[in-house]
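> here is my input, please return the structure:
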Amino acid sequence: MSRSQMDVRYVANLARLELSDEEVAIFQPQLEAILRHAESLLALDITGIEPTAHSSPLFGRMREDIPHESLSQAAVLQNAPDQGQGQIRVPKVVTDA
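Numbers count the residues shown, from 1 in each chain. The predicted structure follows:
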């Protein structure tokens with residue numbers, strides 16, 4: 001068994017998948033192509049580029065057609081169906097295991 005086949009089986013095991021030998025043969029070239037692409041990314045010069053989770057800033061964006069004062073905490077709490085101590089109360093969704 002080649003190293004690539006062991007990698008396919010290892011990844012399948014992590015995903016809790018059982019693969020037949022035929023499926024391993026199908027996925028082996030796909031995994032190798034993915035790894036080659038990831039390797040090619042290492043050749044890129046990324047000096048001076050800050051790491052980000054998104055390609056553009058997303059946090060703190062406000063729509064320009066909505067006045068900011070309409071989104072105040074008081075306005076949000078006023079429209080909440082259940083609130084207390086300055087917070088919105090929501091139903092419990094986690095049950096005891």
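
> tell me where the chain has helices.
3-14, 21-41, 73-79 (DSSP state H).

> now, of those, which is deepest in the fold?
helix 3-14 (a mean of 14; mean count of other C-beta atoms under 10 Å). For glycine as for every other residue, the C-beta is placed from the backbone atoms N, C-alpha and C.

> which pLDDT value goes with Gly86?
Gly86 carries a pLDDT value of 80.

> and the residue nearest the centre of the chain, backbone torsions?
Among the residues of the chain, the one closest to the centroid is Ala53, at 9.3 Å (C-alpha atoms, centre = their mean). Here is the backbone geometry of Ala53 (degrees, to the nearest 10): phi -90, psi -20.

> turn the helices of the chain into CSV, including distance to Asp96 and mean pLDDT.
Formatted as CSV, the helices of the chain follow (distance: least, C-beta to C-beta, whole Å; pLDDT from 0 to 100):
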stretch, distance to Asp96, mean pLDDT
helix 3-14, 29, 80
helix 21-41, 39, 91
helix 73-79, 30, 73
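
> can I get the ones you listed in a markdown table with distance to Thr95?
Below are the helices of the chain laid out as a markdown table (distance: least, C-beta to C-beta, whole Å):
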| stretch | distance to Thr95 |
| --- | --- |
| helix 3-14 | 28 |
| helix 21-41 | 37 |
| helix 73-79 | 28 |
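
> which one of those helices lies closest to Arg89?
helix 73-79 (10.5 Å; C-beta to C-beta).
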